[in-house]
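Peer 1: Following is a predicted model, sequence given first.
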Amino acid sequence: MSKTDIRPVRLPPEETETADRALTRIRGYLERHHDTPKIAVTVEGEEAGPLTLPREAVELLATMLAHLAAGRSVSIVPQNAELTTQQAADLLNVSRPFLIGLLQAGEIEYRKVGKHRRIPAASLLEYKRRDDERRRQAAEELTELGQEMGLI
């Protein structure tokens, strides 16, 4: 499998407004044309005619623009990608040794290639989803406890 480049992209602050304006136009178009499977986009300066994109690609672009407009970094990781331990640690925003502990504990699926570990992106994202759910439930329990004790 080829090496996956997952470098995050973040817009400079002066470009977030441009992303926000584009997002507004794309969302408006998607709402008005909710049954359109393919979307023609005009590229400025192109004389070959409109560029046709699948609706799913335009929806993904809208999601990406929403994050960029909010000042967040964005990475695109193919579902079938295999990540190095450093790439996976970076995506989870944890240290590499912490990630290796998760792998050894069986929290995240991986395979060994020689002496190196490769983590399927799908497995990493599933772990992140489960971890986010655990955190949300813990926060709800703390809130309930605080309310019962009259602290909130």
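Peer 2: That came through fine.

Peer 1: quick one: the strands in this protein?
Peer 2: Along the chain, the segments classed as strands by DSSP state E run 38-41, 51-54, 82-83, 111-113, 116-120.

Peer 1: How far away from the center of its chain is the fourth one?
Peer 2: When distances are taken as C-alpha atoms, centre = their mean, to the nearest Å, strand 111-113 is centred 25 Å away from the chain's centroid.

Peer 1: just the shortest one next, same as before
Peer 2: The chain centroid and the centroid of strand 82-83 are separated by 15 Å, computed with C-alpha atoms, centre = their mean.

Peer 1: what's the answer for the longest one, then?
Peer 2: Averaged C-alpha coordinates place strand 116-120 at 19 Å from its chain's average position (C-alpha atoms, centre = their mean).

Peer 1: list the buried ones in that strand?
Peer 2: Neighbour counts over strand 116-120 (16 or more other C-beta atoms under 10 Å) mark Arg117, Arg118, Ile119, Pro120 as buried. All C-beta spots, glycine's among them, are computed from the backbone N, C-alpha and C.

Peer 1: Take those residues and lay them out in CSV including pLDDT and distance to Leu23.
Peer 2: Converted to CSV, the buried residues of strand 116-120 look like this (pLDDT from 0 to 100; distance: C-beta to C-beta, whole Å):
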residue, pLDDT, distance to Leu23
Arg117, 97, 37
Arg118, 96, 35
Ile119, 96, 31
Pro120, 95, 31
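
Peer 1: got a list of what the residue nearest to Pro37 when sequence neighbours are not counted touches?
Peer 2: For Pro37, ignoring the flanking residues on the chain, the nearest one in space by C-beta to C-beta, 6 or more residues apart in numbering is Arg55 at 5.4 Å. With contact taken as C-beta atoms under 8 Å, 6 or more residues apart in numbering, Arg55 is in contact with Leu30, Thr36, Pro37, Lys38, Ile39.

Peer 1: Can you tell me which of these are classed as buried?
Peer 2: Buried subset of the contacts of Arg55 (neighbour count, 16+ other C-beta under 10 Å): Ile39.

Peer 1: Could you say which one of the strands of the chain comes nearest to Ile100?
Peer 2: Comparison of those against Ile100 by C-beta to C-beta identifies strand 116-120 as nearest, at 7.5 Å.

Peer 1: Could you export that closest one as PDB, CA atoms only?
Peer 2: C-alpha atoms of strand 116-120 as PDB (Å, rounded to 0.1, in the frame of the first residue of the first chain):
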ATOM      1  CA  HIS A 116       6.500  -1.700  12.000                       C
ATOM      2  CA  ARG A 117       2.900  -1.300  12.900                       C
ATOM      3  CA  ARG A 118       0.200  -0.200  10.400                       C
ATOM      4  CA  ILE A 119      -3.200   1.000  11.600                       C
ATOM      5  CA  PRO A 120      -6.200   0.900   9.300                       C
END
